[in-house]
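Peer 1: Whatever this is, show me its structure:
(2 chains)
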Protein chains: 2
Amino acid sequence: MDVVTYIEAHKARFFADLKEWLAIPSVSGNPAHAGDVRRSAAWLAEYLTGLGFPTVEVWETGGLPAVFAEWPAASPDAPAVVIYGHHDVQPVEPLEEWDTDPFVPTEKGDALYGRGASDDKGQVFFHTLGVRAGMAAAGADAPPVTIKLLVEGEEESGSVHFAELLRARRDRLACDAIVISDTTMWSAEFPSMCTGMRGLAEAELALHGPSGDLHSGSFGGAVPNPLQGMATMLAALHDDQGRVTLPGFYDDVVALTDEERALFAKLPFDEAEWLRTAGDSQAAYGEAGYSTLERVWARPTAEINGMWGGHTGPGTKTIVPRSAHAKLSFRLVAGQDPVKVQEQLTAWVAANTPPGLRAEVSVPGGGVRPCFSPIDSAGVKAARRAMERAFGTEVLFTREGGSGPEADLADILGAPLIFVAVGLDDDRIHAPNEKVEMPLLLKGAEAAAYLWDELATALR
Amino acid sequence: MDVVTYIEAHKARFFADLKEWLAIPSVSGNPAHAGDVRRSAAWLAEYLTGLGFPTVEVWETGGLPAVFAEWPAASPDAPAVVIYGHHDVQPVEPLEEWDTDPFVPTEKGDALYGRGASDDKGQVFFHTLGVRAGMAAAGADAPPVTIKLLVEGEEESGSVHFAELLRARRDRLACDAIVISDTTMWSAEFPSMCTGMRGLAEAELALHGPSGDLHSGSFGGAVPNPLQGMATMLAALHDDQGRVTLPGFYDDVVALTDEERALFAKLPFDEAEWLRTAGDSQAAYGEAGYSTLERVWARPTAEINGMWGGHTGPGTKTIVPRSAHAKLSFRLVAGQDPVKVQEQLTAWVAANTPPGLRAEVSVPGGGVRPCFSPIDSAGVKAARRAMERAFGTEVLFTREGGSGPEADLADILGAPLIFVAVGLDDDRIHAPNEKVEMPLLLKGAEAAAYLWDELATALR
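Peer 2: Numbering: from 1, shown residues only, chains lettered A, B, ... in the order given. Below is the predicted model:
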């Protein structure tokens, strides 16, 4: 029995089981649903046991539990692969905007509606079908690589205990590659793989002037104004090419390759439509020499997230304000380190503070490291072959502009990331009427079935 | 009997009367004291009648009353002079910081403590002694110029009905000069006259980007950030010489003369001490080529009074904010027009709005016109001679950085301003423990006595 035949034969049961899991409201961000998250973990553990995983464990954390399941390869020399996903879901409010009950999974045409259908229960679930389809097609009773499925329970509430869990379980999670199934493809017609996510460094900048607000009639124009100082400093944070001016900021950036740029350019990107999704922005803007997709996916940024100082209420108040404040964040790409960027900012502020003002930089945390998988790496190439076999067409590449816990996985487990996912941008994850395309979940299962053979060879 | 002898003979009664007036808590900013402001006006009207003013009237406004008193010159050809002051006072809170009851006038050494002692009842009052001393010395029963004393009752609450009053009473207030007795001198050792006050133009600037805050992971670096746009625009509002960059901004400015700069430079200015009063500012700053006093008194400014946008609360929020806002104000000097400056700003904003953002300029009102009296004008020269006769030393010049209703007086009555005042910067006006130096009030009376002779000649 080949992979496609196996999947076709088992799909009814696959979706029936998925609906049972989707019916559990495992909202990790709402303490009232903590019991449901635990029930979701228990349900998954029992399900995986039933599928034949030799090892299935519920891993407690300081918060809500993850599920770990291992199916060892027949050969002790085979590579090991961690599959990452999560079984918790986003809140469903505003409930009145849902057309169906978010926890009564409902089919409409090819789509299956319900919270978690795409993010991320559906995408975890296709692996459960894929691994069995691969073994059935090979007539084997073990996969060609050791599979270690790790399904987190706190991703939608900040993965606060995840790095700790990874460190504590590092030996059990030892692997040669990490497959992430929690992202999206470009579209059903243009299947793609994500190859990186931007990291994040945050900082707050304060400029202090006089000890109190001054009357601008008595002092205006004769002492430095902290708001003017702030405007001057932040205007200088970018040059006229839209590049960030922190010395050293681009030094560690892994440049886009010509091949990756060419593959990005193959994606049918409609900038006018994209600007509509960007809050009806009137024009694109950014670093000179890069396309909008390249700017969002593969170039670092400096962004002012908030700024305040002086009189901000109704009416007028003619003062020289005592201080000015700004919240800044930097999206980081492959090669950059958030702590290093925070240090670059601190040094730049010290060197560029206007005379007579006192600057203060505070950093709220260590930031998020970017993650990146080169498109010519063995793992990415193997996964792309598996995807192309399943979809029967060229698989392109994307990246993501934001960040999840993926960099922690790569850093702590010391293995490369491979993004294999079949969600779509219009799946409405985190929003009312989340859905997943059922044919794509089956394509995902098929790709997953081929993936282990491809990786067994590629990672050997 | 000469002027000095007359003043010496009448000073005890003068201070006794002043204390009676100071005991009336004519706080115009507090509606609970409206009756006291009316009582203050009635007291003054009765007092002036008692002194012999042929005409004394209480002038009602839409709010609290002013007092008008006229003493015509003997000659119908004599010039007419309006004397401006006010009989309302600032609130006294925080009361616990007063060493004496603010409405129980109390002598300590040469100082008389009480709310209004310097601002402005004491300074109105020296004219009542001065005019009689002048007449007594001349053996005349009328002053050499027609004196029109106008004592406002709403100066400390914004002079909201004052311009209306001036327009309504323009005929009665027809004059050749306006003497303002509501400012300060440099010091008792360095008597001086104010020659101008800066005006004010205000505006609010908004920059609008996306229709809502955007996720900076998905959109950061690829659409314009309104806060970055605001920083860029406001940084460009000054050049590297500290000059305002609005086209035409300096075109109408009446330049400081070499003589006025030389006279400013004679003032014993201690910049370190001034910086301490400027909220312990760490350094002076401003337009290149001008001293601190010149910057505050005689050069226009652009000041950011408030700025806000995006996330300003605790914690971090990685957004591209939908909008950015700033409150701006411009201090204006001789020759500048607030409405014209607001138009210059609007044009500059239109020409400098970053691509992809939409700008909005709103103006809260027509602003305040600057006022200015050239030091070589006949009125100023005459008043300086009167001051020098009284003080027996060279009288220097100052200006003031802020604004009261003085420009309205000059504009509506169509006459030049002459500032004759003996308050000191350390009189603590608007603050607890306000006081006036009694010897300076007597010098003020003496200068006022000489002033009418000087003006009778100078303005003929």
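Peer 1: Next, count neighbours for A:D258.
Peer 2: Counted with other C-beta atoms under 10 Å in any protein chain shown, residues neighbouring A:D258 total 8. The C-beta positions use only the backbone N, C-alpha and C, and glycine is treated the same way.
Peer 1: What's the separation between it and chain B?
Peer 2: Distance, A:D258 to chain B, by C-beta to the nearest C-beta, to the nearest Å: 21 Å.
Peer 1: ok, so what distance separates that residue from A:P405?
Peer 2: 31 Å (C-beta to C-beta, to the nearest Å).
Peer 1: Please enumerate the strands of the stretch 251-400 of chain A.
Peer 2: A:301-310, A:319-320, A:323-332, A:358-362, A:371-372, A:396-400 (DSSP state E, counting those that start in this stretch).
Peer 1: Go through the ones you listed and pick out the most buried.
Peer 2: Of all these, strand A:319-320 has the most neighbours on average by mean count of other C-beta atoms under 10 Å in any protein chain shown, namely a mean of 28.
Peer 1: and that strand, does that touch chain B?
Peer 2: Yes: using C-beta under 8 Å from any C-beta of the partner chain, strand A:319-320 reaches chain B at A:319-320.
Peer 1: doesn't A:I418 make contact with A:A448?
Peer 2: No: between A:A448 and A:I418 there is no contact under C-beta atoms under 8 Å: 11.4 Å.
Peer 1: which ones are touching A:F68?
Peer 2: Each residue near A:F68 by C-beta atoms under 8 Å, 6 or more residues apart in numbering or on different chains is listed here: A:55-59, A:148-151, A:169, A:172.
Peer 1: switch the cut-off to 7 Å
Peer 2: A:57, A:59, A:149-150 (C-beta atoms under 7 Å, 6 or more residues apart in numbering or on different chains).
Peer 1: how about the nearest residue to it, chain neighbours excluded?
Peer 2: Spatial nearest neighbour of A:F68, chain neighbours left out: A:E57 (4.9 Å); criterion: C-beta to C-beta, 6 or more residues apart in numbering or on different chains.
Peer 1: Just confirm that neighbour is within a strand.
Peer 2: Yes: assigned with DSSP: H, G, I helix; E, B strand; the rest coil, A:E57 falls within a strand.
Peer 1: Now do it against B:G158, distance only.
Peer 2: For A:E57, the distance to B:G158 - C-beta to C-beta - is 74 Å.
Peer 1: out of those two, which sits in the busier spot?
Peer 2: Counted by other C-beta under 10 Å, A:E57 and B:G158 do not tie: A:E57 has more neighbours, with 16 against 13.
Peer 1: Tell me the confidence at the more buried one?
Peer 2: The predicted structure scores A:E57 at 98 on the pLDDT scale.
Peer 1: Repeat that for A:G366.
Peer 2: The model's pLDDT for A:G366 equals 78.
Peer 1: now swap in A:E93 and tell me
Peer 2: 89.
Peer 1: A:G404 too?
Peer 2: At A:G404, pLDDT is 75.
Peer 1: Packing partners of the one helix or strand A:A34 maps to?
Peer 2: For A:A34, the element it lies in under DSSP states H and E is helix A:34-51. Where contact means 3 or more C-beta pairs under 7 Å, 6 or more residues apart in numbering or on different chains; DSSP states H and E, helix A:34-51 is packed against helix A:3-22, strand A:55-59, strand A:66-71.
Peer 1: what's the distance between the next helix or strand after the last one and the middle of its chain?
Peer 2: Next helix or strand after strand A:66-71 toward the C-terminus (DSSP H and E): strand A:80-86. A distance of 15 Å separates the centroid of the chain from that of strand A:80-86, by C-alpha atoms, centre = their mean, to the nearest Å.
Peer 1: Out of the helices and strands packed on helix A:34-51, which one sits most buried?
Peer 2: strand A:66-71 (a mean of 24).
Peer 1: That strand vs helix A:34-51, what angle?
Peer 2: With axes from the mean of the first three to the mean of the last three C-alpha atoms, to 10 degrees defining the directions, strand A:66-71 sits at 10 degrees from helix A:34-51.
Peer 1: Strand A:66-71 pairs with which strands?
Peer 2: strand A:55-59 (antiparallel), strand A:146-152 (antiparallel) (DSSP bridges).
Peer 1: element containing A:D99, please.
Peer 2: Applying DSSP H and E, one finds A:D99 in no helix or strand.
Peer 1: pLDDT at it, what is it?
Peer 2: 97.
Peer 1: Wait, it touches A:K435, no?
Peer 2: No: counting by C-beta atoms under 7 Å, A:K435 is not a contact partner of A:D99; they are 10.1 Å apart.
Peer 1: My guess is A:P144 contacts A:W452. True?
Peer 2: Yes: here A:P144 reaches A:W452: they are 4.9 Å apart, a contact under C-beta under 7 Å.
Peer 1: Burial check on the residue in the stretch 351-460 of chain A that chain B sits nearest to, number of neighbours?
Peer 2: Nearest to chain B, among the residues of the stretch 351-460 of chain A, is A:G402, at 2.4 Å (C-beta to the nearest C-beta). A:G402 is flanked by 18 other residues according to other C-beta under 10 Å.
Peer 1: how close does it get to B:E446?
Peer 2: From A:G402 to B:E446 the distance is 77 Å (C-beta to C-beta).
Peer 1: Pull the contacting residues for A:A390.
Peer 2: A:443, A:446-447, A:450.
Peer 1: any idea how far A:R243 is from chain B?
Peer 2: 11 Å.
Peer 1: That residue: what's its closest spatial neighbour, skipping adjacent residues?
Peer 2: Looking at A:R243 with C-beta to C-beta, 6+ apart, the closest residue is A:E287, at 5.7 Å.
Peer 1: Quick check, pLDDT for that neighbour.
Peer 2: 98.
Peer 1: now do A:G63
Peer 2: 96.
Peer 1: hmm, back to that, three-state assignment of the residue nearest to the residue of the stretch 351-460 of chain A closest to chain B when sequence neighbours are not counted?
Peer 2: Closest residue to A:G402 apart from its sequence neighbours, by C-beta to C-beta, 6+ apart: B:G217 at 2.4 Å. Of the three states, B:G217 takes helix under three-state DSSP.
Peer 1: who's in contact with B:G217?
Peer 2: Contact analysis of B:G217 by C-beta under 7 Å, 6+ apart lists A:198, A:331, A:401-403, B:318.
Peer 1: can you redo those residues as JSON lines with distance to A:A272?
Peer 2: Below are the contacts of B:G217 laid out as JSON lines (distance: C-beta to C-beta, whole Å):
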{"residue": "A:R198", "distance to A:A272": "24"}
{"residue": "A:R331", "distance to A:A272": "24"}
{"residue": "A:G401", "distance to A:A272": "19"}
{"residue": "A:G402", "distance to A:A272": "23"}
{"residue": "A:S403", "distance to A:A272": "28"}
{"residue": "B:T318", "distance to A:A272": "25"}
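Peer 1: Done for today, thanks.
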